[in-house]
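S.K.: Predicted model and sequence follow; I will ask about them next.
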Amino acid sequence: MDRSNDIEAILFAHGAPIDGARVKKMLDLSDEEFSLSLETLRTRLVYGIRLIEIGEMLQLGTAPETADAVAACIATDEEGELSKPASETLSLILYSHPITKQAIDYVRGVNSVYIIRNLLVRGLIEKTHDSNNKRATLYQPTFDLLSRLEITHVSELPDYEALHAQFQAALQQPDDEVSQ
């Protein structure tokens with residue numbers, strides 16, 4: 001059974017590396033079905049997008065021959081003012097760091113992978129790892145961002161205590177699926 005479209009959709013929606021075993025389990029595929037679907041996906045992705053594989057981890061990425069176009073896109077992203085969604089995401093990270101992508105997506109109600117990438121490229125946020133869960137990636141503001149904002153600590157942000165408390169409340173779920 002070819003489930004390459006489903007695998008592609010999961011990788012696109014996830015926007016970050018994901019364990020192939022997890023994808024296989026999500027789709028309830030046998031080893032053979034999963035391997036055949038991956039092979040179909042590899043064969044089909046021959047233009048601007050490629051299936052990137054490192055060990056068992058899978059992700060969609062850009063093709064090497066599109067490097068100049070992607071570099072131009074990234075350069076454009078680094079210029080100018082932040083978009084409203086980028087400003088919202090940056091505020092969420094400033095007032096609730098360290099925070100996972102899943103928590104950011106939950107509060108914003110949309111996938112934030114491209115906005116996070118843009119903020120990383122601009123040097124406004126950085127990745128860290130959760131000491132309790134080595135597989136979890138956390139995001140926090142950079143020293144450069146604090147310097148640009150002319151503050152030495154996030155507590156100097158306007159209404160920090162009240163907004164920090166509001167963001168923390170928004171992140172609380174009964175089943176604890178979303179965590180900081």
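M.R.: Nice, thanks for sending it over.

S.K.: For the rest of this, base every contact and every neighbour count on C-alpha atoms.
M.R.: Fine.

S.K.: mind giving me the domain ranges of this structure?
M.R.: Following automatic domain parsing, one gets these domains for the chain: 4-65, 79-170.

S.K.: Adding mean pLDDT, mean neighbour count and distance to A72, write the ones you listed out as TSV.
M.R.: Below are the domains of the chain laid out as TSV (pLDDT from 0 to 100; neighbours: other Cα atoms under 10 Å; distance: least, Cα to Cα, whole Å):
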stretch	mean pLDDT	mean neighbour count	distance to A72
domain 4-65	92	15	13
domain 79-170	88	16	11
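
S.K.: Let's have those in TSV, adding distance to C73.
M.R.: Formatted as TSV, the domains of the chain follow (distance: least, Cα to Cα, whole Å):
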stretch	distance to C73
domain 4-65	12
domain 79-170	10
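
S.K.: Skipping adjacent residues, who's closest to the residue nearest the centre of the chain in space?
M.R.: Centroid-nearest residue in the chain: V113, 3.6 Å away (criterion: Cα atoms, centre = their mean). Excluding its sequence neighbours, the residue lying closest to V113 (Cα to Cα, 6 or more residues apart in numbering) is G15, at 5.9 Å.

S.K.: same check, this time on I52
M.R.: In this structure, I52 finds its nearest non-sequential neighbour in Q59, 5.2 Å apart by Cα to Cα, 6+ apart.

S.K.: Tell me where this structure has helices.
M.R.: For the chain, the helices defined by DSSP state H occupy 4-14, 20-26, 31-44, 67-78, 84-96, 101-108, 113-121, 143-148, 160-170.

S.K.: surely the residue nearest to I52 meets A13?
M.R.: No. Q59 is not in contact with A13 according to Cα atoms under 8 Å; the separation is 10.3 Å.

S.K.: follow-up on the earlier one: turn the helices of the chain into CSV, including distance to K127.
M.R.: Listed next are the helices of the chain as CSV, based on distance: least, Cα to Cα, whole Å:
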stretch, distance to K127
helix 4-14, 17
helix 20-26, 23
helix 31-44, 29
helix 67-78, 18
helix 84-96, 11
helix 101-108, 10
helix 113-121, 8
helix 143-148, 13
helix 160-170, 20
